[in-house]
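> Okay, here's the prediction I keep looking at, along with the sequence it came from:
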Amino acid sequence: MRLTEHPILDFSERRGRKVTIHFEGQPVEAYEGETIAMALHAAGIRVLSHSAEKHRPRGLFCAIGKCSSCLVKVNGVPNVRSCITLVEEGMKVEMQRGKETLPKGAKPPAWKDAPRYKADVVVIGGGPAGLMAAIHAADAGASVILIDENPMLGGQLVKQTHKFFGKREQFAGVRGVKIAEILGEEVKKRGNIEVFLETSAVGVFHEGEEKLVAAVRKNKELLEFLGKTLVVATGAMEKMIPFENNDLPGIYGAGAIQTLMNTYGVKPGDRVLIVGAGNVGLILAYQLIQAGVEVKAIVEAMPKVGGYFVHAAKVRRLGVPILTRHTILRAEGKDRVERAVIAQLDENWRPVPGTEKVFEVDTIALAVGLRPSIELLHQAGCQVKFVRELSGHVAVRDGRMETTVQGIFVAGDSAGIEEATTAMLEGKIAGIAAALKAGAASPEWLAEIEKAQRDLLEFRSGPFGRHVLEGIKKVLVGVDGYA
Amino acid sequence: MPDVPSYLRRGYITPEELFGMIPKPSEERLRAKPVAVPECPQEIPCAPCREVCPTGAINMPTPNDLPIVDYEKCVGCSLCVQICPGLAFFMVHYVGDKARITMPHELLPVPKRGDEVVLLNRMGEPVGTGRVILVIPREKSMGDTAVVTVEVPIELAWEVRAIRVPGGKRND
């Protein structure tokens, strides 16, 4: 189940020292640097918990810490997200069964003040938007704290093996994994950026004129970050669609499959059905083939491919059928996916009786869209609005990505679902604007903001971007002549 | 949605559809030397092909425009095939009763010069066999993508767009 050969990635260099963890009492081989969920998958273990009510088996779904599908008990402590918690030698992992309680005799930690870290700009999220925000805020003269709940920087870039679109100065023609490396190096080079990994931001508060971020490191330690300004670049989470047995282990968000095979070199399954022919579904199909996995078909409810045609063409010519106007009816299987049943849709989006087809698959990938992660922005009091074109609720903001709460900026998918390229440009704008607002940057940096705004407009000037621009108009306040 | 182009319904484009949108290189030009033909029918924000082209043969006023190749300026260097993030550029060259198709190849195994490979059309159907006559490995490619040139029967020049390389180790 571990990949040894790959046309793009070399896992031999990435895997750390071998360690042994225990799952339900049985030893499982793992590598340092990988998460619990990845090690369990590599060993063929897919069922990680059972639901409280009907004891239905559940497994990994998002793989980036955004859902609660993969909770396990670690060394007696329940509700640990196995997808973002790293393995440690001798760790005891148990399946979670419904609502678990803390071990008897567990004592709350003794009261003490949380350690407090200060900077001009605090950035939440180390994906393309957050990395660019941190780098540019730092270059503009600000001290920066960058926090991310995952064990590595890069956000979703770390699993993007395809080359990016756009212009070459925006990394076009470079693979996402490489961009993650480049941006990670840039962050490391800068003495005025302090990085906190495995650190989940859980709340944003106001302390005088400053922003206080409460965060938990490694599920244990409470930390406080105080910034004059704050950039929220928390990304997005995978959408789910209703169908029978959609909670069976083996049904993953598309991103989770990318995390398994591209970040950790673990084969997600042998035969896959993909639901959704947007860019994510199409790119995923190609990456699965690269990992030696058979893609049975891509089903898409729309009458056309929603992603870029070129992505569709490259999987079609490798023999993957794309069934537009089709949807998944149900998954079948006992403890894991064994089959998927699909059907054609009529003009009213209803399944056409008699058109059912059965695919013998062990994995179903849902690539049915993302929604912005706005919880922290919402909690901080930023005005939020539902905008269909941006795929969900997003924060109202101005042309410099500042929300309706002064000093809180937003960038990337948490500002509306788009591309990593636009996320990077928005991150650049938000980072510089946050540094300016914090009083750490000189006004010449305004020119850089304007350049990034022009680049964004150019990127969004085609048919795909125009749709997004319509959405942005609905959430943009306080600026003239942007859209 | 009656105005959905059929290539977006199916996920592949036919030569007829393609050459309804861009000009087809002349027979004479196809015989002279390899010529780059983009299969990129959609306005997407992307311009590395134009940026990498050493002779300025790719016309694209904004990144959202379709790449239109000036076949007379194209020298057949294959840099666009190597860099295209959409893997949508191909080169075609007529030689005798054969056509040489240059295409991106991002799968394992990477074939070697002289290998016989299965030729696939735009739907992934095998349409014959052909011989690999040139491989630019990923490490030497401008765009981090290996490029393979295969020799195919000339009547398949506008059909073959991928290859399957027999053998090679697979992941278990």
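Now that the structure is in, tell me what you want to look at. Numbering: from 1, shown residues only, chains lettered A, B, ... in the order given.
> CA only for contacts and neighbour counts going forward, please
Fine.
> Identify each buried residue in stretch B:3-22, please.
Using 16 or more other C-alpha atoms under 10 Å in any protein chain shown as the test for burial, stretch B:3-22 gives B:7-13, B:18, B:22.
> out of those residues, which are inside helices?
Using DSSP state H, the subset of the buried residues of stretch B:3-22 located in helices is B:7-10, B:18.
> Can you tell me how far the residue nearest to A:Arg466 when sequence neighbours are not counted is from A:Val468?
Sequence neighbours aside, A:Arg460 is the residue nearest to A:Arg466 in space, at 5.8 Å (criterion: C-alpha to C-alpha, 6 or more residues apart in numbering or on different chains). Relative to A:Val468, A:Arg460 is positioned 7 Å away (C-alpha to C-alpha, to the nearest Å).
> With A:His393 instead?
In terms of C-alpha to C-alpha, A:His393 sits 14 Å off from A:Val468.
> if we can go back for a sec, now render the buried residues of stretch B:3-22 as JSON lines, adding pLDDT.
JSON lines is the format used below for the buried residues of stretch B:3-22 (pLDDT from 0 to 100):
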{"residue": "B:Tyr7", "pLDDT": "97"}
{"residue": "B:Leu8", "pLDDT": "97"}
{"residue": "B:Arg9", "pLDDT": "96"}
{"residue": "B:Arg10", "pLDDT": "96"}
{"residue": "B:Gly11", "pLDDT": "97"}
{"residue": "B:Tyr12", "pLDDT": "98"}
{"residue": "B:Ile13", "pLDDT": "98"}
{"residue": "B:Leu18", "pLDDT": "98"}
{"residue": "B:Ile22", "pLDDT": "97"}
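> Keep only those of those that are also close to chain A.
By C-alpha under 8 Å from any C-alpha of the partner chain, the members of these lying near chain A are B:8-13.
> Look at the residue nearest the centre of chain B and give its secondary structure.
The residue lying closest to the centre of chain B (C-alpha atoms, centre = their mean) is B:Phe90, at 1.7 Å. Here B:Phe90 is recorded as strand under DSSP: H, G, I helix; E, B strand; the rest coil.
> so who does it touch?
By C-alpha atoms under 8 Å, 6 or more residues apart in numbering or on different chains, the contact set of B:Phe90 is B:36-39, B:81, B:101-104, B:161.
> Report the entries of these that also contact chain A.
Answer for these near chain A (C-alpha under 8 Å from any C-alpha): B:39, B:161.
> now for the helix ranked longest in chain A, which elements pack on it?
The longest helix of chain A (DSSP H) is helix A:420-437. Here helix A:420-437 touches strand A:116-124, helix A:128-139, strand A:221-232, strand A:408-410, helix A:446-459, going by 3 or more C-alpha pairs under 8 Å, 6 or more residues apart in numbering or on different chains; DSSP states H and E.
> Nearest to chain B among those would be which one?
Minimum separation from chain B across those (C-alpha to the nearest C-alpha) falls at helix A:446-459, 5.4 Å.
> and for that closest one, what are the contacting residues?
With C-alpha under 8 Å, 6+ apart as the test, helix A:446-459 has contacts from A:166, A:400, A:422, A:425-426, A:428-429, A:432-433, A:465, A:483, B:45, B:62-64.
> Tell me the buried residues in the following helix or strand past that helix?
Sequence order places helix A:463-475 as the next helix or strand after helix A:446-459, per DSSP states H and E. Judged by neighbour count (16+ other C-alpha under 10 Å), helix A:463-475 contains these buried residues: A:464-466, A:468-469, A:471-472, A:475.
> again, but for stretch A:450-457
Residues of stretch A:450-457 classed as buried by neighbour count (16+ other C-alpha under 10 Å): A:452-453, A:455-457.
> Stretch A:96-108 too?
Residues of stretch A:96-108 classed as buried: A:96-97 (neighbour count, 16+ other C-alpha under 10 Å).
> What lies in contact with that stretch?
A:48-53, A:55, A:71-73, A:76-79.
> quick revisit: distance to A:Phe243 and pLDDT added to the buried residues of helix A:463-475, as JSON lines?
Formatted as JSON lines, those follow (distance: C-alpha to C-alpha, whole Å; pLDDT from 0 to 100):
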{"residue": "A:Phe464", "distance to A:Phe243": "29", "pLDDT": "92"}
{"residue": "A:Gly465", "distance to A:Phe243": "31", "pLDDT": "94"}
{"residue": "A:Arg466", "distance to A:Phe243": "32", "pLDDT": "93"}
{"residue": "A:Val468", "distance to A:Phe243": "29", "pLDDT": "95"}
{"residue": "A:Leu469", "distance to A:Phe243": "32", "pLDDT": "96"}
{"residue": "A:Gly471", "distance to A:Phe243": "29", "pLDDT": "96"}
{"residue": "A:Ile472", "distance to A:Phe243": "32", "pLDDT": "96"}
{"residue": "A:Val475", "distance to A:Phe243": "33", "pLDDT": "96"}
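> which one among those residues gets closest to chain B?
A:Phe464 (7.0 Å).
> Please report phi then psi for residue 29.
I went with chain A, as the question did not name one. phi -80, psi 140 (degrees, to the nearest 10).
> other chain: chain B
Dihedral pair for B:Arg29: phi -70, psi -40, per degrees, to the nearest 10.
> What is the lowest-pLDDT residue among the contacts of helix A:446-459?
Lowest in pLDDT among the contacts of helix A:446-459 is A:Ala483, which has 41.
> Can you list the residue ranges for helices in the chain?
No chain in the question, so chain A it is. Using DSSP H, the helices of chain A run over residues A:36-42, A:128-139, A:176-189, A:254-258, A:279-290, A:309-316, A:375-379, A:420-437, A:446-459, A:463-475.
> hm, I was asking about chain B
Counting by DSSP H, the helices of chain B are B:6-10, B:15-21, B:27-32, B:48-52, B:79-83.
> so which of those helices comes closest to A:Gly33?
helix B:79-83 (32.4 Å; C-alpha to C-alpha).
> what about the closest one, average pLDDT?
98.
> how far out from the middle of the chain is it?
Helix B:79-83 has its C-alpha centroid displaced from the chain centroid by 9 Å (C-alpha atoms, centre = their mean, to the nearest Å).
> likewise stretch A:330-340?
Relative to its parent chain, stretch A:330-340 has a centroid offset of 26 Å by C-alpha atoms, centre = their mean.
> swap in stretch A:28-43?
With C-alpha atoms, centre = their mean as the basis, the mean position of stretch A:28-43 lies at 20 Å from the chain mean.
> how about that stretch, does it reach chain B?
No: under the criterion of C-alpha under 8 Å from any C-alpha, chain B is not reached by stretch A:28-43; the shortest gap measures 12.0 Å.
> Nearest to A:Val177, out of the helices and strands packed on helix A:420-437?
helix A:128-139 (11.0 Å).
> tell me which parts of the stretch 201-350 of chain A are close to chain B?
Near chain B, when you scan the stretch 201-350 of chain A using C-alpha under 8 Å from any C-alpha, you find A:289-292, A:303-305, A:308-314, A:316-320, A:322-324.
> try 6 Å this time
Selection of the stretch 201-350 of chain A residues close to chain B by C-alpha under 6 Å from any C-alpha of the partner chain yields A:290, A:304-305, A:310, A:312-313, A:316-319.
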